[in-house]
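**Q** coords below, sequence missing:
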């Protein structure tokens, strides 16, 4: 899909197509639509990021809370978004053994208790061992630093999803 097509989309179509660029946050796509026209994919991505950056901390934390736990209950119940399902599958999180699943659940619970939002990582760029290591490492960061790291991961996920939607190489963003 080229930028001419993106720029010509009506509101409803744009939100339908781009509504899950930021996990379960179609309101962001709705706001970004009003910023058309976009010069290129990088410009489109910058508008998604700028919206996140402009939110107060409570709004940023709300965006993080829209993300599922990695290999958590939503995966087990089959309730992940299609994008999250693909991303967690790519990281090997859909085929964890019982011990790995328990360890990840424990770390997820500790993380959520400490920070008030789920651990967010661009899972498709990792494997299951890297996910566990990164979760254990980030669990001990200061809250302000972790908020920035988690939002950085949200933006990375968004960049990858945008590239998927328009058929672009994500490394070119």
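**A** That came through fine. Small disclaimer: the values here were computed from a predicted structure and weren't measured.
**Q** what are the buried residues along stretch 75-82?
**A** Applying a neighbour-count criterion of 16 or more other CB atoms under 10 Å, one finds 75, 80, 81 buried in stretch 75-82. For the C-beta atoms, the positions are set from N, CA and C on the backbone; glycine is no exception.
**Q** for the longest helix along the chain, give the mean pLDDT please.
**A** The longest helix of the chain (DSSP state H) is helix 143-166. Here helix 143-166 scores 97 as its mean pLDDT.
**Q** just curious, which of the buried residues of stretch 75-82 is nearest to residue 141?
**A** Distance to residue 141, by CB to CB, is smallest for residue 75 among the buried residues of stretch 75-82, at 24.7 Å.
**Q** who touches the helix or strand where that closest one lies?
**A** Applying DSSP states H and E as the criterion places residue 75 in helix 73-77. Contacts to helix 73-77, defined as CB atoms under 8 Å, 6 or more residues apart in numbering, come from residues 68, 79, 80, 84, 85, 88, 93, 94.
**Q** so who does the third one touch?
**A** Think residue 80. Residue 80 touches 68, 74, 88, counting by CB under 8 Å, 6+ apart.
**Q** ranking those by neighbours, who comes first?
**A** Tallying neighbours with other CB atoms under 10 Å puts residue 88 at the head of the contacts of residue 80, with 24 neighbours.
**Q** how confident is the prediction for it, by pLDDT?
**A** For residue 88, pLDDT reads 96.
**Q** please apply the same query to residue 173.
**A** We have a pLDDT of 60 for residue 173.
**Q** follow-up on the earlier one: for residue 41, state which of the buried residues of stretch 75-82 is nearest.
**A** Closest to residue 41 out of those is residue 81 (21.2 Å), distances taken as CB to CB.
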